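> Return a 3D structure for these sequence lines:
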Amino acid sequence: MKEQKLFKKIVSQNNEFERTPVPGNQLKSGKSFLGMYAGEHTAGTEFVIGPMFVAHGVSAGDMVIGLLIGNLLAVLSWGFLTAPIATSKRLTLYYQLERITGKSVVNLYNFINALMFCFLAGSMIAVSATAVGIPFNLAMPELTDWYPKTTGWIVAVLIMGTVITFIAIRGYNQVAKFANVIAPWMILIFVSAAFSALPQLGVHTLDEFIVAAKEVIWTGVPAAGFTKFTIWHIIFFCWFCNMAMHIGMSDLTILRYAKSWKYGFLSFAGMYIGHFVAWIASGILYAVFLQTNTNSNEFAPGPIAFQAAGIAGAVCVIVAGWTTANPTIYRAGLALQGIFPKVKTWKITAIVGGITSLAACFPALVMRLLDFVALYGLVLMPMGAVIFADFYFADKFGFQQEQAITNKKDFTWPALASWLITLLFCLFLNYYYGMEIFFLGLPGWFVAVILFVVFSRLKFPNLKTKLA
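Numbering: from 1, shown residues only. Next up is the predicted model:
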């Protein structure tokens, strides 16, 4: 009897409310979300994205103004689009989609989501490996590399991937706590490394920094083989690099625990500490690296940080890549667990880790991270538009809300058709009109909303609304 009571207590404490709304006594304070967003968006990706803006020839003015505007749009998207639905329904993204589309479509969504997670985690394993290879004088990837060039690189990546996968299997909770503790330290390393590197650019005063920013760091001249970025690229990348999380509605799963929908605006901590301060800081570090290593085409976050901040910089790169890759592998495992519920989670996580480690051997994941992040958000975005339309427009335009669960179906086609046609529309804009991937999310979102409303009215008209 005592054992049964203990078991019930443990179950209740570990209840993630996958298929039920989060109860009121489980809601979290704003402090929890403030720390989460600050930690999640100051990570391994920041060591890549900031330097990539330098490589794409962003000008100093476009960089600062674009970051201010784009990050504000992202915060507003979390606050006005995602959070109100999250705190109203209090359901996970996956269960909310299942209620609308049916289990079959959600399985497809989970598979694609897991695949994207694998590639993202792979890029972070590669980032960590660039720091691990420093003591061994490992040849680092270059900006134009797509394939691994040395055996040493492959060995370093596979060792790093094995360690991270093992941790994802055995100790996710401990690592998550460690990541929250270590996040403030990583932010300090970013900032202090940038400040310590500025004298190498001849910067000792604010006026000298403004001159160096324009003439040395963000010069407006792209590296060979890279397209020129304008202020519009910066704005839309800042807005949509986390498209999957806000207008793609992935953060329904997180924000369902918020006491108020206004907590969505606490994402500003991640946008303006991580995506503003950290991108600027890492861009400065890369500019210093380029000046010290004249005409170098090498791109390796580890050596870049080590040159500016010594061992602390190298350790920061390892930790940043690790704390990003580990939960990402874990999430990919959970996504696949939904498809294969009878397979043990640790086995799926191990398989995911193996796939991720192999993918990490290819430097293209790092060198084309901006394109991949944009693609990741774009592919998942239409389903966020479906959730938005189902929540706000069902009564207004006369179709059934949550069609699958209302009609007790495992498959409904309006959401799937909207998803696929939207992606084809975006491909059309890219192929025939040359619209870059960074800009496709905005028109794509409106197309997905319209298509879902039209298809839902055709398939699941709300008869009560019609009669009224």
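> Residue 94: what's it in contact with?
18, 106, 109-110, 253, 338 (Cβ atoms under 8 Å, 6 or more residues apart in numbering). Every C-beta, even on glycine, is put in place using the N, C-alpha and C of the backbone.
> Would you mark the buried spots in stretch 363-374?
363-370, 372-374 (16 or more other Cβ atoms under 10 Å).
> Now flag whichever of those residues is closest to residue 229.
residue 370 (9.0 Å; Cβ to Cβ).
> Extract the residue ranges of the stretch 201-350 of the chain that are flagged as low pLDDT.
Counting by pLDDT under 70, the stretch 201-350 of the chain has low-confidence residues at 294-296.
> just the helices in it please.
Taking DSSP state H, counting those that start in this stretch as the test, the helices found in the stretch 201-350 of the chain are 206-212, 231-240, 252-255, 268-269, 279-292, 301-337, 345-360.
> Can I get these in CSV including distance to residue 131 and mean neighbour count?
Output for these, formatted as CSV (distance: least, Cβ to Cβ, whole Å; neighbours: other Cβ atoms under 10 Å):
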stretch, distance to residue 131, mean neighbour count
helix 206-212, 26, 13
helix 231-240, 25, 23
helix 252-255, 29, 24
helix 268-269, 26, 20
helix 279-292, 13, 23
helix 301-337, 3, 24
helix 345-360, 14, 21
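> Of those, which is nearest residue 456?
helix 252-255 (19.6 Å).
> Contacts made by the closest one with the rest, please.
Residues contacting helix 252-255 (Cβ under 8 Å, 6+ apart): 33, 36, 78, 82-83, 85-87, 89, 91-94, 96, 261, 263-264, 387.
> re the thing from before, can I get the helices of the stretch 201-350 of the chain in JSON lines with distance to residue 458?
Shown next, in JSON lines, are the helices of the stretch 201-350 of the chain (distance: least, Cβ to Cβ, whole Å):
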{"stretch": "helix 206-212", "distance to residue 458": "58"}
{"stretch": "helix 231-240", "distance to residue 458": "30"}
{"stretch": "helix 252-255", "distance to residue 458": "26"}
{"stretch": "helix 268-269", "distance to residue 458": "41"}
{"stretch": "helix 279-292", "distance to residue 458": "45"}
{"stretch": "helix 301-337", "distance to residue 458": "31"}
{"stretch": "helix 345-360", "distance to residue 458": "38"}
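> on that earlier part again, which of the contacts of residue 94 are buried? Put it as a ChimeraX command.
In ChimeraX, this line selects whichever of the contacts of residue 94 come out buried by 16+ other Cβ under 10 Å:
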select :106,109,110,253,338
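> from the contacts of residue 94, which two are the most distant?
The distance between the two most remote of the contacts of residue 94 (Cβ to Cβ) is 15.2 Å, for 18 and 109.
> how near is residue 193 to residue 94?
39 Å (Cβ to Cβ, to the nearest Å).
> For residue 48, which of the helices of the stretch 201-350 of the chain is the nearest?
helix 301-337 (6.3 Å).
> got the angle between that closest one and helix 345-360?
On the basis of axes from the mean of the first three to the mean of the last three Cα atoms, to 10 degrees, helix 301-337 is oriented at 140 degrees to helix 345-360.
> What about residue 152, how many residues nearby?
By the measure other Cβ atoms under 10 Å, the count of residues near residue 152 is 14.
> ok, so of the contacts of residue 94, who is nearest residue 73?
residue 253 (22.0 Å).
> Can you give me the separation between that closest one and residue 137?
Separation of residue 253 from residue 137 (Cβ to Cβ): 43 Å.
> What of residue 389?
55 Å.
> Would you mind telling me which of those two has the busier surroundings?
A direct count of neighbours by other Cβ under 10 Å for residue 389 and residue 137 places residue 389 higher, at 25 against 8.
> give the contact list for the spatially most central residue of the chain.
Centroid check for the chain by Cα atoms, centre = their mean gives residue 242 as the closest residue, at 5.2 Å. By Cβ under 8 Å, 6+ apart, the contact set of residue 242 is 41, 74, 377.
> ok, 7 Å please
Going by Cβ atoms under 7 Å, 6 or more residues apart in numbering, residue 242 touches 74, 377.
> do residue 345 as well
333, 337.
> Distance check, it against residue 54.
Distance from residue 345 to residue 54, by Cβ to Cβ: 40 Å.
> what does residue 426 give?
Distance from residue 426 to residue 54, by Cβ to Cβ: 28 Å.
> okay, these two: which has more neighbours?
Per other Cβ under 10 Å, whichever of residue 426 and residue 54 has more neighbours is residue 54, with 27 against 23.
> I'd say the more buried one and residue 284 touch.
No: using Cβ atoms under 7 Å, residue 54 is not in contact with residue 284, being 8.9 Å away.
> list residues touching both of these two?
residue 217.
> out of the contacts of residue 94, which one sits closest to residue 403?
residue 106 (13.1 Å).
> Spit out the contact partners of that closest one.
Neighbours of residue 106 in contact, by Cβ under 7 Å, 6+ apart: 94, 97-98.
> Swap in 8 Å and give it another go.
Contacts of residue 106 (Cβ under 8 Å, 6+ apart): 94, 97-98, 338.
> re the thing from before, restricted to helices, list the contacts of helix 252-255.
Within the contacts of helix 252-255, residues falling in helices by DSSP state H are 33, 36, 83, 85-87, 89, 93-94, 96, 387.
> May I ask which two of these are separated the most?
Farthest pair in the ones in helices among the contacts of helix 252-255 (Cβ to Cβ) is 36 and 387. Separation: 21.3 Å.
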